[in-house]
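Chemist: Give the three-dimensional model of this entry:
(4 chains)
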2 protein chains.
Amino acid sequence: MSRAADHAYAEIRSLILSGDAPPGAPLTEEQMADLCGVSRTPVRDALRRLEVELYVVRSDSQRLFVADWSREDVDEMFTLRGMLEAHAAARAARRFDAIALDALRDCNAAIERAVGEATPDIAGFLDANRIFHRIIVETAQSPRLAATLATLVEQPVVRRTALHYGREQLAQSAQEHRELITAFEAHDADWAHGVMSAHIRRAFHAFASHVATRASAV
Amino acid sequence: MSRAADHAYAEIRSLILSGDAPPGAPLTEEQMADLCGVSRTPVRDALRRLEVELYVVRSDSQRLFVADWSREDVDEMFTLRGMLEAHAAARAARRFDAIALDALRDCNAAIERAVGEATPDIAGFLDANRIFHRIIVETAQSPRLAATLATLVEQPVVRRTALHYGREQLAQSAQEHRELITAFEAHDADWAHGVMSAHIRRAFHAFASHVATRASAV
DNA sequence: AGCGACGTTATTGTATACAAATAGCTTGCG
DNA sequence: CGCAAGCTATTTGTATACAATAACGTCGCT
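Modeler: Model prediction:
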């Protein structure tokens, strides 16, 4: 895509993900333009994209703010993601060939490596995990499904979730990935559907209990 | 929203829906700007929105074209819509109150009226049908779900589908709507889920058989 | 002191000019 | 005659200036 608009998108997105622009913070086009060193035009494009992806929300009079997710919002997102990604897994199970399976196994090996180290490499886990899920969605060969899943803001929530994973949760996740691979090897759509559905639900529970812990600690 | 951008959006959208801009036709910003009597800036916004809603597709070098749906694409859209809207119906079943139910019954009365006439009022049916489904999605109280469903391009395909409905298909649709209302009155989420799922699948089959008929006729 | 109208200021919407990139054609070479 | 390289024209990307609109604070009135 375009150079400046992409740069602005990445810049603003990382601003949000890093927490420098906390939920509820106003985002004016001019500030963002100054920050990114480009004019308002590409910034507008970037903000539109971030709006579609629900990183930012628009007030009734067109002002933009960093999105704030309530507990219900997160619940919703994980529910939708679980539904759609389980469907993707089922479709993918019927379509996996040797090449895609190899890629998936490689990716899983990277995940196990990241988790297996003395101090788990969370960033490495996240990257490999994202690729793992992406391979499955791509294998499902359903552009609309892929697009819908992509706009479901997985990233922000997923990151915040796994950032607080303990060793046993990482191991559990890896275990589920292994079972998914087995289901794919067997081309068993129902099996893959069930495992993926449980996989996402477990991630949500890990997130929810983490939030509950923090809430009670405060 | 903004005046000019909204106008451009509506104009280009109707251009696509009417068929004046057939699938595959290139849409240049300048032509659209001339057509709508505004500058390229609001046209860009409008085209971005239409792109998200899959009315237009972007080539690898940023040129935009009217989207063309293959048989698989339509299959995909109906599958996703069925999954999501059945979920919405289940959620809505737990949340329907007297007021929303009344609105739904009123809407259904309008549908029956449109279908019951000597010559079925397809346009009236479509409008009322859209409201019927909208009430359900709104009652589900899930903004993300609503947004996801909205971007699933229901309208173009739905319109083209029902335009060729025969009297018995319209009656069948109305029958399913009545059953949905009964399920909602009983707050039976599973029932609502099943009926809605079947309802969408039936719409898809009607569409698919229509296409098959036309294809064999040609 | 509370409340409302007004003016100021900040922010977004739109238009236009220009730069960059891309596709398509033309021309020259093998 | 086919193909490739380069040029031209078309199209999109970006910057900037200006217009419209909405938020906010101020001043005056009751």
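Chemist: list the buried ones in stretch A:83-95?
Modeler: For stretch A:83-95, the neighbour count (16 or more other Cβ atoms under 10 Å in any protein chain shown) marks A:83-93 as buried. C-beta coordinates here come from the backbone N, C-alpha and C atoms, glycine included.
Chemist: Narrow the residues you listed to those in helices?
Modeler: Residues of the buried residues of stretch A:83-95 located in helices (DSSP state H): A:83-93.
Chemist: quick check, distance from stretch A:26-45 to the centre of its chain.
Modeler: Averaging C-alpha coordinates over stretch A:26-45 and over its chain gives two centres that are 25 Å apart (Cα atoms, centre = their mean, to the nearest Å).
Chemist: got JSON lines for the buried residues of stretch A:83-95, with pLDDT and distance to chain B too?
Modeler: Compiled in JSON lines, these are given as follows (pLDDT from 0 to 100; distance: Cβ to the nearest Cβ, whole Å):
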{"residue": "A:Met83", "pLDDT": "96", "distance to chain B": "6"}
{"residue": "A:Leu84", "pLDDT": "96", "distance to chain B": "8"}
{"residue": "A:Glu85", "pLDDT": "96", "distance to chain B": "12"}
{"residue": "A:Ala86", "pLDDT": "97", "distance to chain B": "10"}
{"residue": "A:His87", "pLDDT": "97", "distance to chain B": "6"}
{"residue": "A:Ala88", "pLDDT": "97", "distance to chain B": "11"}
{"residue": "A:Ala89", "pLDDT": "98", "distance to chain B": "13"}
{"residue": "A:Ala90", "pLDDT": "98", "distance to chain B": "11"}
{"residue": "A:Arg91", "pLDDT": "97", "distance to chain B": "9"}
{"residue": "A:Ala92", "pLDDT": "97", "distance to chain B": "14"}
{"residue": "A:Ala93", "pLDDT": "97", "distance to chain B": "16"}
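Chemist: hmm, back to that, from the ones in helices among the buried residues of stretch A:83-95, which is closest to B:Leu35?
Modeler: Each of these was checked against B:Leu35 using Cβ to Cβ; the closest is A:Leu84, at 36.6 Å.
Chemist: What is the burial count for the nearest residue in space to that closest one that is not next to it in sequence?
Modeler: Leaving aside its sequence neighbours, A:Leu84 sits nearest to A:Leu149 (Cβ to Cβ, 6 or more residues apart in numbering or on different chains; 5.3 Å). As a burial measure, the neighbour count of A:Leu149 was computed by other Cβ atoms under 10 Å in any protein chain shown and equals 21.
Chemist: and A:Leu149, how far is that from DNA strand D?
Modeler: Distance of A:Leu149 to DNA strand D, computed by Cβ to the nearest atom of the strand, to the nearest Å: 24 Å.
Chemist: which residues does that residue contact?
Modeler: Counting by Cβ atoms under 8 Å, 6 or more residues apart in numbering or on different chains, A:Leu149 makes contact with A:81, A:84-85, A:88, A:137.
Chemist: Just put the residues you listed in JSON lines and tack on distance to A:Gln169.
Modeler: As requested, the contacts of A:Leu149 are exported to JSON lines (distance: Cβ to Cβ, whole Å):
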{"residue": "A:Arg81", "distance to A:Gln169": "18"}
{"residue": "A:Leu84", "distance to A:Gln169": "23"}
{"residue": "A:Glu85", "distance to A:Gln169": "18"}
{"residue": "A:Ala88", "distance to A:Gln169": "23"}
{"residue": "A:Val137", "distance to A:Gln169": "23"}
